[in-house]
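S.K.: can't give you the sequence, but here's the structure:
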């Protein structure tokens with residue numbers, strides 16, 4: 001369910017960002033491309049999960065990443081929905097660019113995990 005939610009939310013935020021007046025058409029195209037890519041990666045992950053295949057575009061573990069850096073995350077941040085909580089908190093500000101950036105960052109993390117995965 002989470003990948004579908006990410007795809008729907010990033011698509012809606014992309015529309016809100018591109019529809020804003022005062023943005024150049026080149027910037028609108030860049031935002032549209034990044035938003036479409038983020039939605040595609042979320043839907044590709046959902047497709048893998050629904051087919052029962054090994055998920056190629058699963059979000060990496062924040063705890064494992066912090067451990068590799070030699071740091072620990074605070075206890076209050078232990079949750080399976082970290083990305084959603086951060087996006088929701090930033091959505092309260094009213095600016096669509098902040099939660100959109102979090103979701104695009106999550107999509108790039110999905111892509112990075114696929115990029116560094118061993119073949120086989």
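M.R.: Everything's here; your move. What you see is a predicted model, and the numbers here were worked out from it, not measured in a lab. Residues are numbered from 1 along each chain as shown.
S.K.: in which helix or strand does residue 26 reside?
M.R.: Here residue 26 sits within helix 25-51, counting by DSSP states H and E.
S.K.: try residue 72
M.R.: Assigned by DSSP H and E, residue 72 falls within no helix or strand.
S.K.: next helix or strand past the helix or strand bottoming out on mean pLDDT in the chain?
M.R.: Across the helices and strands of the chain, the lowest-confidence element by mean pLDDT, DSSP states H and E is helix 62-68, at a mean of 80. Counting by DSSP H and E, the next helix or strand C-terminal to helix 62-68 is helix 82-91.
S.K.: what's next to that following helix, contact-wise?
M.R.: 2, 5-6, 9, 59, 62, 79, 98-99, 102-103, 106 (C-beta atoms under 8 Å, 6 or more residues apart in numbering). Every residue, glycine included, has its C-beta placed from N, CA and C.
S.K.: now that helix, how far from the chain's geometric center?
M.R.: Its chain's average C-alpha position is 11 Å from that of helix 82-91, according to C-alpha atoms, centre = their mean, to the nearest Å.
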